[in-house]
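K.L.:
sequence? don't have it. structure:
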């Protein structure tokens, strides 16, 4: 149960936490799909699509598998959440900075796994910590989480302007300033790892000294937190959410892995890719600001179903051949509806349906599906397999194979939305108000 009164001054602190947490990921993840597979002669690392999938998928899968046993147990049973966050983020930052100097696949895999084990659980822990200190998470958390999106936008604008471009001039596309691509622009993209690592270290220090104390619960009946969390699968709504979160999360992985190179194949300049993708974060902010209202008026079932449906709609439009690149850029606005309506709502729902003594572990369990199983399936196997099925030359997509790829993803999105609407029922509606998070 969240506290009855929101601590004075806590909202700005939590907003800054979200800003930096997602800024770390927003600095390098959108560009990874480009510099990992671009030829070495052009400044990239020259990995194949399969190797790119393994680098993105396997580390996250390993991290999410270990997280409930390590991070969940530590924070729900042994140590204060903010202290665990601090240690994990500082170590993760050092590793990410080191990763920027590696060019071999083996080194990349090793450091990526190490980074993921430390960083991925923090995505869940910051959600849980924030909601523990809010009196009305359903209405307050989405606005705080919106600052994570602001952080993503900020870094996706500032990094290209200061590092990937020169001679900036006004343009119609956010961030409204465009310049010539800097020499060796792809090679300079790899420097995003250094900036991300530095920000992670700063965030770790912030967690240790600024965040409120969030000790483990003293009410735990089960000594092993993840065992208690698994018992939630007895509740239909939780089970349906977790099961259908897998295909939805696979669709999200497809977006993260393929949208950047897809926009490039569609004719968008490399230096404009991060700003173009940031349009999705603008709509995400709007959705998150009004999410509490939407959940109150429409309920979790309707809002989350609509979010899943928007995944299918986005990929359906991507799969229409012959449309101008401006259409593909505009479709990024659907990202806010996809992520905000489904994932942000799911974070809140997981907190509501789980007992206080396993809040961290339950959030991490959801992250396991989102960032663990989904990237493993999509990155390690499905992305490369579909690339071959769709006729990608030498396993690397061209525009024609991308069109076929997105059509398959669209069908999966529409089917997932239909199944969620059919089987999900809000298991918290009949609970006493004081039992809700």
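P.N.:
On my side now, so go ahead. Every value quoted in this text rests on a predicted model; they were computed, and no experiment measured them.
K.L.:
thought residue 232 was touching residue 362?
P.N.:
Yes. With contact defined as Cβ atoms under 8 Å, residue 232 and residue 362 form a contacting pair (6.6 Å). Every residue, glycine included, has its C-beta placed from N, CA and C.
K.L.:
what touches both of these two?
P.N.:
353, 354 (Cβ atoms under 8 Å, 6 or more residues apart in numbering).
K.L.:
Which residue of the two possesses the greater neighbour count?
P.N.:
Using other Cβ atoms under 10 Å as the criterion, residue 232 and residue 362 rank with residue 362 on top: 28 against 21.
K.L.:
element containing that one?
P.N.:
With secondary structure defined by DSSP states H and E, residue 362 is part of helix 359-367.
K.L.:
got it, and residue 178?
P.N.:
Going by DSSP H and E, residue 178 is in strand 177-181.
K.L.:
Okay, now the sheet partners of that strand, with direction.
P.N.:
Applying DSSP bridges, strand 177-181 is found paired with strand 165-170 (antiparallel).
K.L.:
Tell me which stretches of the stretch 201-350 of the chain form helices.
P.N.:
With helices called from DSSP state H, counting those that start in this stretch, the stretch 201-350 of the chain shows them at 225-230, 236-265, 273-318, 325-330, 334-338, 345-353.
K.L.:
cool, and the stretch 1-150 of the chain?
P.N.:
Assigned by DSSP H, counting those that start in this stretch, the stretch 1-150 of the chain shows helices spanning 10-35, 49-66, 73, 81-99, 105-132, 137-159.
K.L.:
Can you name every helix or strand that the second one contacts?
P.N.:
Right, helix 49-66. Judged by 3 or more Cβ pairs under 8 Å, 6 or more residues apart in numbering; DSSP states H and E, helix 49-66 is in contact with helix 10-35, helix 105-132, helix 236-265, helix 374-375, helix 383-389.
K.L.:
Out of those, which is closest to residue 145?
P.N.:
Closest to residue 145 of the helices and strands packed on helix 49-66, according to Cβ to Cβ: helix 10-35, at 5.8 Å.
K.L.:
returning to that earlier point: ok, residues contacting the strand holding residue 178?
P.N.:
By Cβ under 8 Å, 6+ apart, strand 177-181 touches 161, 164-171, 269-272.
K.L.:
Now do stretch 407-421, average pLDDT.
P.N.:
In this model, stretch 407-421 carries a mean pLDDT of 96.
K.L.:
Equivalent analysis for stretch 427-437, please.
P.N.:
According to the model, stretch 427-437 has a mean pLDDT of 50.
K.L.:
Would you mind listing which of the contacts of strand 177-181 are buried?
P.N.:
Buried residues within the contacts of strand 177-181, counting neighbours by 16 or more other Cβ atoms under 10 Å: 161, 164, 165, 269, 270, 271, 272.
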